[in-house]
Structures are given as C-alpha cells and as structure tokens.
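[1] show me the folded form of this:
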Amino acid sequence: MKKILVAGGAGYIGSACAEYLLDRDYEVTVLDALFTGHRDAVDPRAKFIKGDLAERDELIDLCKREKFDAVMHFAAFSLVGESMQNPSKYFRNNLANAINLADAAVESGVKSFVFSSTAATFGIPESVPITEESSQKPINPYGESKLCFEKVLQWYSEIYGLKYAALRYFNAAGATDIHGEDHRPESHLIPLVLQTIRGKRDKFMLFGDDYDTPDGSCIRDYIHILDLAQAHEKALYAKESGYYNLGTGNGLSVFEIIRAAEEVTGKKLNFEIVPRRPGDPPRLIAGSGRARKILEWKPEFENVSAIIESAWKWQLANPDGYAE
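    As a prediction, the model looks like this:
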C-alpha cells in the first residue's frame, strides 16, 4: 500500500491519521468539502482536493485517475443531537454519499477500504465490555447511518471482493503535536473541560451524578487519536474483511476525567451538575480483543493523563483552534 485517499482528512481524526501515514512515507491525498473540517488541519505534505462525496462521477474519475491503493473514509457528520433533528442530512451524507465513495473504490480497483465507524452502532449495551458480537441497536440516526454503511461494505465485499475494515471507535481524544480537536460546536468531554479550565468557557456542565456507577457519573472508554491512526494503518493489511472495536478497555468516569485534567493543568475546574441527557448509558467500555488479535494492534496511550496532556498542549498552542 502506498497511495492513500483520506476522505475527511481535514477533520479531527482524519487529519491525525493523514499525519501518521505521511510520517511513514505513504503518499496521501486528502479529499474534504470543508463543511466541518478545517483547511489548516490538512497536513502540508498531503495533496489536497476540495470535493464533496455527493459528486459521484467526480469521485469515480478521481479514483480512476490517481489509482489509489486504499481509501480511508472519515467524511461523516457526527453530532448525535443534530441527527435526531435532521435525520435526512445524516442518511444522505453518512450513507448515500459513502456509497458513492465505495462505488468509486470498486470501479477503480482499490485494494482496501477502511471505514471510520462508531460505537454508536451498538446503542445502549446489554452488558460491558462491548464486543463485536454484542447486539447492534442504534438509538439515533447517526449510529443507524453508520451501521447501514457497515452493511453496505459487507455486501460489497461479498459481491465485488472489496476488502474492508470497519473500525468502531469509542471516545476519541487527545492530540498530536500538529493536529487537535476543534469542533464547532464542541461536544466532547475532554476539550470542553480543558476549554473551561483555561477560561474560554465560564462553566462546565456535568450531565448527571446519579448513575449506577461508583461515583454517579457516566463511564466511558477514551482512546488517543494516535492509537486510532495506528489501527487504521494496520487495517490496511488485514487479511480478511471485518469489524473491529477500538478502545483501551479501561472505563473512566466524568469525575475521574475532571480530576485527571486538574492534575495535568494544575488548575481547578468550575463545573455545575445538571440533569442527565436522555439516552446516555451509564457505561460504555470497549472489548477490543479482535483488533488486538487479528490486527496485532495495541494502544500506546492507555494512561488518560497522557491523553489529556496532549490535548492541553495543543489547546495552549492553538487557543482559538485552527485559523479560518
């Protein structure tokens, strides 16, 4: 594998994966419509094409012309709340447009398709840790749209022979020296906590302290974006198609994240406990045994303090995020 198309490479995880591949001498082309991504997040070593996955014919022409060895697909919308308000937007982009990209891969003879999926395909788990065999019952259009495209890839593999890996992330976090988290609006826990600590936000809202967990706050599995990037590279060489959960297997509560952030920064967080959000499960922890065994993947950042420290350094270096 040498030539990689990174669709959505101007976003948070896509930009970090592009950086990781470039550091390992892959030839990377970033395709992004810049709806939610940032032009300044595109690694200058990559070739950049501003393009929309809705343009099926242009996608096919691009893939035929460039003869990519592999496609990595990160170009999805990912706001759960928005998906409940505008499901059409999510099914059009996360499913219909993704099919355009899969069609382009098939028609141009791409050897490997790596899909950025999500733990939201599982919905509220019946038990933890969540494994690939756990039942998938999404509770929002975002998770449903991702699950639908996983099924598309399964059929494309069976019918066309397209080799694929669907990587189901749990909670992506952290930063590289160059690329970090700059969502607008921001909805992820660690960047919100750090933004509040450094005074960009007045107060952090903690949604619920009455869950059935040791300290009453939700427990989640946090994974560094460099560990995600490592998994994407390994997935390029998977001998067979399939699905893989990506997480550390270590659950941390919101209160534990807050304490770790205060220790890393040396500052106290101003927060307020507010009522739960509907649909938030008490625990979401990954069982990543399949990725560890088949992909020979092992996360390097299993200490949450290292994850938070990388995010803190990036925020201090980029206090307003990426330039626009």
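
[2] just the pLDDT for residue 324.
    According to the prediction, residue 324 has pLDDT 68.

[3] can I get the helix or strand harbouring residue 167 as CSV, trimmed to CA atoms?
    Assigned by DSSP states H and E, residue 167 belongs to strand 164-169. Provided in CSV are the C-alpha atoms of strand 164-169 (Å, rounded to 0.1, in the frame of the first residue of the first chain):
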residue,chain,number,x,y,z
TYR,A,164,-12.7,-3.5,4.1
ALA,A,165,-12.3,-2.9,7.8
ALA,A,166,-14.9,-1.1,9.8
LEU,A,167,-13.3,0.4,12.9
ARG,A,168,-15.8,1.2,15.7
TYR,A,169,-14.3,4.0,17.9
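
[4] could we number from 21 for the rest of this?
    Will do, 21 is the new start, and the previous item becomes strand 184-189.

[5] elements contacting that strand?
    On a contact count with 3 or more CB pairs under 8 Å, 6 or more residues apart in numbering; DSSP states H and E, strand 184-189 meets strand 132-138, helix 161-180, helix 245-255, strand 262-266. Yep, even glycine has a C-beta here, placed from its N, CA and C like the rest.

[6] quick one: closest of those to residue 208.
    helix 245-255 (11.5 Å; CB to CB).

[7] just want the angle from that closest one to strand 262-266.
    Per axes from the mean of the first three to the mean of the last three CA atoms, to 10 degrees, the angle that helix 245-255 makes with strand 262-266 is 160 degrees.

[8] any idea how far helix 245-255 is from the middle of the chain?
    Relative to its parent chain, helix 245-255 has a centroid offset of 11 Å by CA atoms, centre = their mean, to the nearest Å.

[9] picking that back up, any residues touching the strand holding residue 187, and which ones?
    33, 132-139, 141-142, 152, 170, 173-174, 176-177, 243, 248, 251-252, 255, 258, 261-267, 311, 315 (CB atoms under 8 Å, 6 or more residues apart in numbering).

[10] now residue 325, what's its secondary structure?
    Under DSSP: H, G, I helix; E, B strand; the rest coil, the three-state class of residue 325 is helix.

[11] for it, which non-adjacent residue is closest in space?
    Leaving aside its chain neighbours, residue 325 sits nearest to residue 280 (5.3 Å; criterion: CB to CB, 6 or more residues apart in numbering).

[12] and that neighbour, how far is that from residue 336?
    Distance, residue 280 to residue 336, using CB to CB, to the nearest Å: 17 Å.

[13] of those two, who's got more company?
    Higher neighbour count among residue 280 and residue 336: residue 280, with 21 against 11, using other CB atoms under 10 Å.

[14] doesn't the more buried one fall inside a helix?
    Yes. According to three-state DSSP, residue 280 belongs to a helix.

[15] correct me if wrong: it contacts residue 329.
    No. With contact defined as CB atoms under 8 Å, residue 280 does not reach residue 329; the gap is 9.3 Å.

[16] coming back round to it: the inter-axis angle of the strand holding residue 187 versus helix 161-180?
    Orientation check (the same axes, to 10 degrees): strand 184-189 against helix 161-180 gives 160 degrees.

[17] strands paired with strand 184-189, and their directions?
    Strand 184-189 has the following strand partners under DSSP bridges: strand 132-138 (parallel), strand 262-266 (parallel).

[18] out of those strands, which is closest to residue 198?
    Nearest of these to residue 198, taken as CB to CB: strand 132-138 at 19.3 Å.

[19] which residues does that closest one contact?
    21, 28, 33-34, 89-94, 96, 98, 118, 122, 125, 162-163, 166, 169-170, 173, 182-189, 252, 255-258, 263.

[20] now the buried members of those residues.
    For those, a burial check counting by 16 or more other CB atoms under 10 Å picks out 28, 33-34, 89-94, 96, 98, 118, 122, 125, 162-163, 166, 169-170, 173, 182-189, 252, 255-256, 258, 263.

[21] neighbours around residue 72, how many?
    Look at residue 72: counted by other CB under 10 Å, it has 17 neighbours.

[22] ugh, wrong one, residue 70
    Using other CB under 10 Å, residue 70 has 13 other residues around it.

[23] before we move on, what about residue 312?
    17.

[24] and the residue lying closest to residue 235 once chain neighbours are set aside, what does it touch?
    Nearest non-adjacent residue to residue 235, counting by CB to CB, 6+ apart: residue 275, 4.7 Å away. Applying CB under 8 Å, 6+ apart to residue 275 gives the contacts 226, 229, 235-237.
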